[in-house]
Every structure is written in C-alpha cells, then in structure tokens.
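# Model the following, please.
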Amino acid sequence: ANFAANVAQAELQPADGSPAQAGFAAADAAFTGLFAAELALNLFANWWRPFASDAWSVFDLVVVAVSLLALGLDGVPGLSFLRLIRTFRVLRLFGRLPAFRQIFRALTSAIQPVANAFTFLFVVCAIFAIVGCTLFGPADPDHFLTFSFAFFTMFQVLPSATTSLVLCPLASVVIVAVWGVAAPASRRGMEVLPGAHAHP
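Numbering: from 1, shown residues only. As a prediction, the model looks like this:
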C-alpha cells in the first residue's frame, strides 16, 4: 500500500497545498508511524545483539529513522531528497518474504561472476580500441581519434543497436580508401596490357 501510494503521488504530481497533496502527506505520516511501531516491537523482541546482527533489521532502522527525520523536517528547504528514502521502504519486503530473500541472495551471489565478466569485456574492448586507433584513427577521427573515442565506439557496437551508426560511415571510409588504391593500380594495369585501348 505504501509503495502504491508513492507510485500514485509520482504519477499525479499534486500541487503544493492541494487536497491531494494533503492526502498523500497524511498517508505518508500514517505509514511512517506504522513502520516505526513495527520497528519498536522488533527492537523490543530482539534486543540488542540479535537485532544488530540482522542486516534487514538494521536496514529497517535506517529507513525508518530517515523517514522520521524527513517527516519532522518536512518544511525545511533543501532536505527534499530525504523523501526519496520512502521509496526504498518497499525493499523491506525482501526481509519478510522467504522467496524474495532467495532471489536477493541469488542476485548478490552473482555479483562476483558478473564483475569478472565485465572486467574481461573491458579488456577486450580496450584491445580493439587500441587496434581501432591504429587502423582507423586518421580515416575516421570521429570514432577512433583517441583511445577514449575508440573505446566508447567499441562500447556502442557491443549491443548491436548502434552498430550501423558506426559501421556505415566507417565502411564508406574504407571503401573510398580501397578504391583510391585500387583504381590507379587498375588504370596502370590497363595501360600496360597490349591492345587494352584498341577498339575492335
């Protein structure tokens, strides 16, 4: 319900002082009070070491404390960013539902393999960026002038969504360069061949 209220408030964008804004503020205060009461009961039932050793309980403590601070300093300018913490209160479900906990553990356990794959991808992109600077830097300075340009180009090409934006101009440059070498050689070959310019 709290998350649905946050979604509705972000969608409607009620004006300050409007009845809708007052209703959302009252709902936020009610949810903050309920979460604070729940946190107090949890802290009373699991005092102090079991509470502090549970990461989800500590997360609840931080979220509720910041929510209470944002509620108490609602009229202070420059502290509106504290309201963003209300959005993260939905993450408390991860600590309540076993299925969500299992998904969260799976995601956190995948961080190390994903980081290794990202490092490998970074090295591969860096290698091809250096190759691109050497081969295509003078011909296509918009994409391969420096290492940073070339690396960003390689990063763009990876998802294949912007490949045409890079390969089409590069292909035209390569075709012009190849034609600039092949055309004079072809003309010289025609001049050497006997009877190349003879007409039947």
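# secondary structure class for A139?
Three-state assignment for A139 (DSSP: H, G, I helix; E, B strand; the rest coil): coil.
# how much space between it and G23?
63 Å (Cβ to Cβ, to the nearest Å). Just so you know, the C-beta spots here come from the backbone N, C-alpha and C atoms, and that holds for glycine as well.
# got it, and W48?
For W48 relative to G23 (Cβ to Cβ), the value is 38 Å.
# Output the below-cut-off pLDDT ranges for the protein.
Low-confidence segments of the chain (pLDDT under 70): 74-83, 86, 95, 159-200.
# now the helices for it?
With DSSP state H as the criterion, the chain has helices at 2-12, 19-45, 49-53, 55-72, 92-96, 98-109, 111-136, 141-144, 147-157, 163-192.
# Point out the one among these that comes closest to I85.
helix 55-72 (4.3 Å; Cβ to Cβ).
# In terms of secondary structure, what does the closest one contact?
Packing partners of helix 55-72 (3 or more Cβ pairs under 8 Å, 6 or more residues apart in numbering; DSSP states H and E): helix 19-45, helix 49-53, helix 92-96.
# Buried ones in that helix, by neighbour count?
Judged by neighbour count (16 or more other Cβ atoms under 10 Å), helix 55-72 contains these buried residues: S57, F59, D60, V63, V64, V66, S67, L68, A70, L71.
# returning to what we had before: compare the helices and strands packed on helix 55-72 and give me the one nearest E11.
Closest of the helices and strands packed on helix 55-72 to E11 is helix 19-45, at 11.2 Å (criterion: Cβ to Cβ).
# Does that closest one pack against any helices or strands, and if so which?
Packed against helix 19-45 by the contact rule (3+ Cβ pairs under 8 Å, 6+ apart) you find helix 2-12, helix 55-72.
# Perfect, that will be all.
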